[in-house]
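sequence first, then the predicted structure, then my questions.
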Amino acid sequence: MLKIVLNDLFISFKKSWISILLYTIFMFYIANYTISLFIVLTNQEMTRESVYQVFASEQTQNIIISVTNIIYILTLFLITKKIPLRLSKAMFVCPASDKDKMKYMYLQLLLKVILGFVFIFLSTYLMVGVFFINKGLIQNIIELGLLLFLIITFNLKVGIGEEGLKKKDKKGYIIYTKEEEIINYYFFSILLIETILFYSLNAIKINSNIFIIIGWIIIFIINSYVIYKCTSPLIKKSLSFEDVYRQVPDKEEGY
């Protein structure tokens, strides 16, 4: 099953590899420009020594790493929109049970989360030479936790295929399930606020204390509950051919 999932992901990647490459190049340029601009604003002359002095400052490193991570998080968001969560067309016609199909989708989600971590880690490391914004264990765990929730949320999007349009109500609004609205709008916005808050606290050197740690624990419990309640319904929706590939039938069908 792992081989089938990897093959399907590769096929989806081939269909959108140009857009994905352009997203990556553009965001890399934005990250590089932001770092260069910060160095120029900090120093009068762009010399090797002045650059070393900028990166020698812990506060400057925190700001640069924070900005770089946020940029590549947004890049991953754009990439995942091109490779949505969906069951391969071949799986709809094969004699696999719904249980096997659910396993297939959970495995696809797991692989996309792992690849998302690899992408952000390599991108940030190649740009600034480090990944974690802080050397403290607790801060690193919080950072990894936020990235995990973000990457899962990015990939919990049920996409349509080459045919059909999204279902709309009588007023012309796209019809979403309750779980899709929660994940795509409310929870996604909350996670962005949490991520900006985390990097902002580190950038201005607000050290974690017992109250901040308890606050993050409560936030993570709530995040975990939302992911737990929404993942299974969204996975089940991806098993429907009509919901994924043919939400609005062709008007000429049946003639």
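Arrived safely.

could you pull out the helices in the stretch 1-150 of the chain for me?
All helices of the stretch 1-150 of the chain, identified by DSSP state H, counting those that start in this stretch, fall at 2-15, 17-42, 48-56, 58-82, 89-93, 98-128, 137-155.

mind telling me which of those the model trusts least?
Per-stretch averages of pLDDT across these put helix 48-56 at the bottom, with a mean of 57.

could I get the helices of the stretch 1-150 of the chain as CSV with mean neighbour count and distance to Tyr186?
C-beta coordinates here come from the backbone N, C-alpha and C atoms, glycine included. As requested, the helices of the stretch 1-150 of the chain are exported to CSV (neighbours: other C-beta atoms under 10 Å; distance: least, C-beta to C-beta, whole Å):
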stretch, mean neighbour count, distance to Tyr186
helix 2-15, 13, 27
helix 17-42, 14, 25
helix 48-56, 12, 38
helix 58-82, 19, 16
helix 89-93, 13, 31
helix 98-128, 16, 20
helix 137-155, 19, 11
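
tabulate those (CSV), appending distance to Ile212.
CSV is the format used below for these (distance: least, C-beta to C-beta, whole Å):
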stretch, distance to Ile212
helix 2-15, 38
helix 17-42, 27
helix 48-56, 27
helix 58-82, 16
helix 89-93, 45
helix 98-128, 24
helix 137-155, 9
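
nearest to Ala203, of the ones you listed?
Among the helices of the stretch 1-150 of the chain, the nearest to Ala203 by C-beta to C-beta is helix 58-82 (5.0 Å).

how far does the closest one sit from the chain's center?
The chain centroid and the centroid of helix 58-82 are separated by 11 Å under C-alpha atoms, centre = their mean, to the nearest Å.

got the angle for it vs helix 98-128?
If you take axes from the mean of the first three to the mean of the last three C-alpha atoms, to 10 degrees, helix 58-82 sits at 140 degrees to helix 98-128.

what is the subsequent helix or strand relative to the helix or strand where Glu180 lies?
Using DSSP states H and E, Glu180 sits within helix 178-181. Beyond helix 178-181 on the C-terminal side, the first helix or strand identified by DSSP H and E is helix 188-203.

could you give the angle of that following helix to helix 137-155?
Using the same axes, to 10 degrees: helix 188-203 against helix 137-155 is 150 degrees.

tabulate the CA atom coordinates of helix 188-203 in PDB.
Only the C-alpha atoms of helix 188-203 are listed here, as PDB (Å, rounded to 0.1, in the frame of the first residue of the first chain):
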ATOM      1  CA  PHE A 188      -6.400  27.600  10.200                       C
ATOM      2  CA  SER A 189      -6.700  31.300  11.300                       C
ATOM      3  CA  ILE A 190      -6.200  30.400  14.900                       C
ATOM      4  CA  LEU A 191      -3.100  28.300  14.200                       C
ATOM      5  CA  LEU A 192      -1.600  31.200  12.200                       C
ATOM      6  CA  ILE A 193      -2.200  33.500  15.200                       C
ATOM      7  CA  GLU A 194      -0.600  31.000  17.500                       C
ATOM      8  CA  THR A 195       2.500  30.600  15.200                       C
ATOM      9  CA  ILE A 196       2.900  34.400  15.000                       C
ATOM     10  CA  LEU A 197       2.500  34.700  18.700                       C
ATOM     11  CA  PHE A 198       5.200  32.000  19.400                       C
ATOM     12  CA  TYR A 199       7.800  33.600  17.100                       C
ATOM     13  CA  SER A 200       7.000  37.100  18.300                       C
ATOM     14  CA  LEU A 201       7.600  36.100  21.900                       C
ATOM     15  CA  ASN A 202      10.900  34.500  21.000                       C
ATOM     16  CA  ALA A 203      11.900  37.500  18.900                       C
END
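
what residues does it touch?
59, 62-63, 66, 69-70, 73, 133-134, 139, 142-143, 146, 149-150, 153, 212, 219, 223 (C-beta atoms under 8 Å, 6 or more residues apart in numbering).

okay then, goodbye and thanks.
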